[in-house]
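Engineer: Based on what follows, work out the 3D shape:
(one chain, ligands or ions: 1)
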Amino acid sequence: MAGDTLRIVWLRQDLRLTDNPALFEAARRGAILPLYILDEVNSGAAAPGAASRWGLHHALDALNADLDGRLMLLRGDPLVLLPQLVEKMGAVGVYWNRCYEPWRMARDAALKERLRASGVEARSFNGSLMWEPWRLLKPDGDPYRVFTAFYRTAAQRAHAPVAPLPTPERLQSTPLSADSLPLAALNLLPAIRWDRKMASHWRWGEAAAQEQLADFLDQNLRGYPDGRDQLAQSATSKLSAALCYGALSPRQIWWATLHCADATGAGEAFRRQLAWREFHHNLLYHNPQMPQRALQPKFEQFPWREDADALARWRRGETGIPLVDAGMRELWATGYMHNRARMVVGSFLVKNLLLDWRAGARWFQECLVDFDLANNSGGWQWVAGCGVDAAPYFRVFNPVAQGQRFDATGDYVRRWVPELAGVATRWLFNPWEGPKPLGYPPPMVDLKASRERALAAFKGLPKPAAE
Ligand SMILES: Cc1cc2nc3c(=O)[nH]c(=O)nc-3n(C[C@H](O)[C@H](O)[C@H](O)COP(=O)(O)OP(=O)(O)OC[C@H]3O[C@@H](n4cnc5c(N)ncnc54)[C@H](O)[C@@H]3O)c2cc1C
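Structural biologist: Coordinates of the predicted model:
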């Protein structure tokens with residue numbers, strides 16, 4: 001294959017053929033070499049955990065099948081591997097879609113400079129966001145810090161998300177090089193095969209994601225505004241993992257909602273949630289410290305408790321608070337947790353247990369198949385009340401009231417906490433007040449007293465002049 005037209009398409013969080021600008025542009029110009037590099041060198045603390053690695057394995061497997069087995073796989077530092085590969089293959093360019101995590105941006109900027117300095121075409125595109133963070137700013141040029149204002153501008157005044165691109169008409173890809181590693185050599189699957197139990201909860205690849213989107217629009221969109229908070233209903237799209245690995249782009253989803261039958265206007269509620277993803281990416285871009293540091297500086301002095309035993313009970317779903325335990329066990333069993341449950345378990349950890357939000361974020365990073373650095377750190381800062389546009393710290397979720405409201409039949413709790421299957425709905429969310437259920441622990445904290453302890457700690461924070 002002629003090296004003078006060969007371009008490497010470096011795929012990362014965009015594992016799809018449709019609406020993939022880097023792939024589309026490279027394929028238009030000639031031959032391509034589709035490549036994925038497992039980078040464990042530059043990721044540091046942001047490295048995906050065991051559940052995301054498992055998901056990545058399947059996402060890569062599906063993409064490779066779509067590319068007729070021609071996806072090249074490497075493992076190591078792209079800053080070293082890519083220049084070597086360019087030289088070896090005689091490629092004229094490297095194309096990729098932009099990522100927005102601080103570690104990836106730093107690496108990609110260095111790579112671009114290095115490739116260009118040696119006369120290689122290095123081009124990046126937007127394949128993962130509807131509004132890139134430097135394009136959606138307040139009128140005074142500052143980044144948004146409040147979601148509603150961000151969304152108002154995005155939905156009403158910003159440019160509409162660009163229409164999705166088609167699949168390239170012709171994919172002229174190079175035969176697989178002998179240097180390519182077999183997928184198994186990336187060691188993404190766990191040594192102890194705990195993943196088998198969660199496999200049935202996920203579908204992989206672009207075609208499956210498109211089908212899932214079509215089914216959601218057809219069957220669930222209408223009920224989304226009311227149903228999305230109902231824990232036992234499958235009312236949400238479950239497209240988060242497809243977005244994380246890039247089997248679908250947000251533009252494809254946005255456009256599909258605009259072009260489907262939506263007589264009730266429910267698409268608006270759904271697009272609003274998609275915009276939360278954009279907002280968190282925007283926040284992370286403008287606040288690269290977001291995964292490590294509270295965006296409200298006063299929280300850096302918050303008196304978090306150190307309590308390894310309490311953290312372990314929370315992780316295992318053995319807190320004695322049924323809704324919290326149900327969420328944590330759903331996470332462990334499936335690699336997913338309903339958004340409402342994410343908020344409830346997060347609030348319980350941070351407020352009732354007074355444990356640092358970063359410990360919760362780290363556990364989610366390890367266990368979520370849909371782990372996404374921007375959404376996870378943004379979600380945790382929101383729940384903890386220490387982010388820019390957060391629920392105020394003094395607003396503490398009451399897991400009993402949340403259960404009664406969002407799991408009124410008790411099906412969610414009974415599914416994930418089978419010890420409580422026989423408990424009447426009246427006592428299901430507060431079994432300590434009713435007949436004592438067998439085999440289920442008493443609550444590890446008193447909800448009222450621990451709430452007051454949290455509020456007192458919050459009141460004790462210094463009030464910096466500049467906040
Ligand atoms: C503490 C906490 C941690 C979270 N960690 C992650 C994470 O690591 N990865 C992740 O993708 N989402 C995370 N979320 C956001 C949200 O819980 C999930 O995106 C959602 O539950 C995924 O289910 P779905 O695809 O069915 O959502 P749907 O309701 O169908 O929404 C469609 C899409 O919109 C986006 N979205 C929806 N709600 C939110 C939100 N609150 N914030 C940002 N984007 C949103 C997601 O991309 C989602 O796939 C977190 C939320 C909290 C409170």
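Engineer: Count the neighbours of Ala424 for me.
Structural biologist: Counted with other C-beta atoms under 10 Å, the neighbours of Ala424 add up to 11. For glycine as for every other residue, the C-beta is placed from the backbone atoms N, C-alpha and C.
Engineer: For it, grab phi and psi.
Structural biologist: In terms of degrees, to the nearest 10, the main-chain angles of Ala424 are phi -60, psi 150.
Engineer: Also Ile32?
Structural biologist: Dihedral angles of Ile32 (phi, psi; degrees, to the nearest 10) stand at phi -130, psi 160.
Engineer: ok, now how distant is it from Arg70?
Structural biologist: Here Ile32 is placed at a distance of 9 Å from Arg70 (C-beta to C-beta, to the nearest Å).
Engineer: distance of the residue most central in space within the chain from the ligand?
Structural biologist: With distances taken as C-alpha atoms, centre = their mean, Asp372 lies nearest the centre of the chain, 2.9 Å away. Applying C-beta to the nearest ligand atom, to the nearest Å, the value for Asp372 to the ligand is 4 Å.
Engineer: Touching, that residue and Ser240? I think so.
Structural biologist: Yes. The pair Asp372 / Ser240 is scored as a contact, 7.5 Å apart, by C-beta atoms under 8 Å.
Engineer: Which helix or strand contains the closest residue to the ligand within the chain?
Structural biologist: With C-beta to the nearest ligand atom as the measure, Gly379 is the residue of the chain nearest to the ligand, at 2.6 Å. Gly379 belongs to helix 373-384 when assigned by DSSP states H and E.
Engineer: circling back: of Ile32 and Arg70, who's got more company?
Structural biologist: Counted by other C-beta under 10 Å, Ile32 and Arg70 do not tie: Ile32 has more neighbours, with 29 against 17.
Engineer: Let's verify Ala59: helix, strand, or coil?
Structural biologist: Three-state call for Ala59 (DSSP: H, G, I helix; E, B strand; the rest coil): helix.
Engineer: That one: what's its closest spatial neighbour, skipping adjacent residues?
Structural biologist: Distance criterion C-beta to C-beta, 6 or more residues apart in numbering; nearest residue to Ala59, sequence neighbours excluded, is Tyr245 at 3.9 Å.
Engineer: burial count for that neighbour?
Structural biologist: Tyr245: 27 neighbours (other C-beta under 10 Å).
Engineer: What distance do you get for it to Val383?
Structural biologist: Per C-beta to C-beta, Tyr245 is found 24 Å from Val383.
Engineer: Also Ala359?
Structural biologist: Separation of Ala359 from Val383 (C-beta to C-beta): 13 Å.
Engineer: How about Gln172?
Structural biologist: In terms of C-beta to C-beta, Gln172 sits 48 Å off from Val383.
Engineer: which one of these two has more residues nearby?
Structural biologist: Neighbours were counted for Gln172 and for Val383 using other C-beta under 10 Å; Val383 has more, 25 against 13.
Engineer: In this structure the more buried one contacts Ala391, no?
Structural biologist: Yes. Here Val383 reaches Ala391: they are 6.9 Å apart, a contact under C-beta under 8 Å.
Engineer: Just the buried positions in stretch 120-129, please.
Structural biologist: Buried positions in stretch 120-129, judged by neighbour count with 16 or more other C-beta atoms under 10 Å: Val120, Ala122, Arg123, Ser124, Phe125, Asn126, Gly127, Ser128, Leu129.
Engineer: Output the set of residues of the stretch 101-250 of the chain in proximity to the ligand.
Structural biologist: The stretch 101-250 of the chain has residues Arg228, Thr236, Ser237, Lys238, Leu239, Ser240, Leu243, Cys244 near the ligand, with proximity defined as C-beta under 6 Å from any ligand atom.
Engineer: What about the fifth one, how many residues nearby?
Structural biologist: Put plainly, it is Leu239. If we define neighbours as other C-beta under 10 Å, then Leu239 has 19 of them.
Engineer: same check, this time on the first one
Structural biologist: Arg228 has 19 neighbours, counted by other C-beta under 10 Å.
Engineer: Tell me how far it lies from Glu113.
Structural biologist: Arg228 sits at a distance of 44 Å from Glu113 (criterion: C-beta to C-beta).
Engineer: swap in the third one?
Structural biologist: Computed as C-beta to C-beta, the Ser237 to Glu113 distance reads 39 Å.
Engineer: Out of the two, name the residue with the larger neighbour count.
Structural biologist: Legend: neighbour count by other C-beta under 10 Å for Ser237 and Glu113, higher for Ser237 (23 against 10).
Engineer: and that one, what does it touch?
Structural biologist: Gln212, Leu213, Phe216, Asn220, Ile253, Phe270 (C-beta atoms under 8 Å, 6 or more residues apart in numbering).
Engineer: Just put those in TSV and tack on secondary structure and neighbour count.
Structural biologist: Shown next, in TSV, are the contacts of Ser237 (DSSP: H, G, I helix; E, B strand; the rest coil; neighbours: other C-beta atoms under 10 Å):
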residue	secondary structure	neighbour count
Gln212	helix	18
Leu213	helix	20
Phe216	helix	22
Asn220	helix	19
Ile253	helix	24
Phe270	helix	23
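Engineer: Inside helices: which ones of the buried residues of stretch 120-129?
Structural biologist: Assignment to helices by DSSP state H places none of those there.
Engineer: show me the contacts for Leu23.
Structural biologist: Shown in contact with Leu23 (C-beta under 8 Å, 6+ apart): Val9, Leu11, Asp14, Leu17, Ile32, Pro34, Tyr95, Pro168.
Engineer: what does the stretch 351-467 of the chain put close to the ligand?
Structural biologist: Checking the stretch 351-467 of the chain against the ligand by C-beta under 6 Å from any ligand atom, the hits are Phe364, Leu368, Asp370, Phe371, Asp372, Asn375, Asn376, Gly379, Trp380, Val383.
Engineer: List buried residues within the residues you listed.
Structural biologist: Buried among those (16+ other C-beta under 10 Å): Phe364, Leu368, Asp370, Phe371, Asp372, Asn375, Asn376, Gly379, Trp380, Val383.
Engineer: residue boundaries of the helices in the stretch 351-467 of the chain?
Structural biologist: Along the stretch 351-467 of the chain, the segments classed as helices by DSSP state H, counting those that start in this stretch run 357-367, 373-384, 399-406, 411-416, 425-428, 447-459.
Engineer: need those in CSV with mean pLDDT, can you?
Structural biologist: As requested, those are arranged in CSV below (pLDDT from 0 to 100):
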stretch, mean pLDDT
helix 357-367, 98
helix 373-384, 97
helix 399-406, 98
helix 411-416, 98
helix 425-428, 96
helix 447-459, 95
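Engineer: quick one: which of these is nearest Tyr336?
Structural biologist: Among the helices of the stretch 351-467 of the chain, the nearest to Tyr336 by C-beta to C-beta is helix 357-367 (9.3 Å).
Engineer: tell me what the closest one is packed against?
Structural biologist: Using 3 or more C-beta pairs under 8 Å, 6 or more residues apart in numbering; DSSP states H and E as the contact criterion, the elements in contact with helix 357-367 are helix 50-66, helix 308-316, helix 322-334, helix 339-347, helix 373-384.
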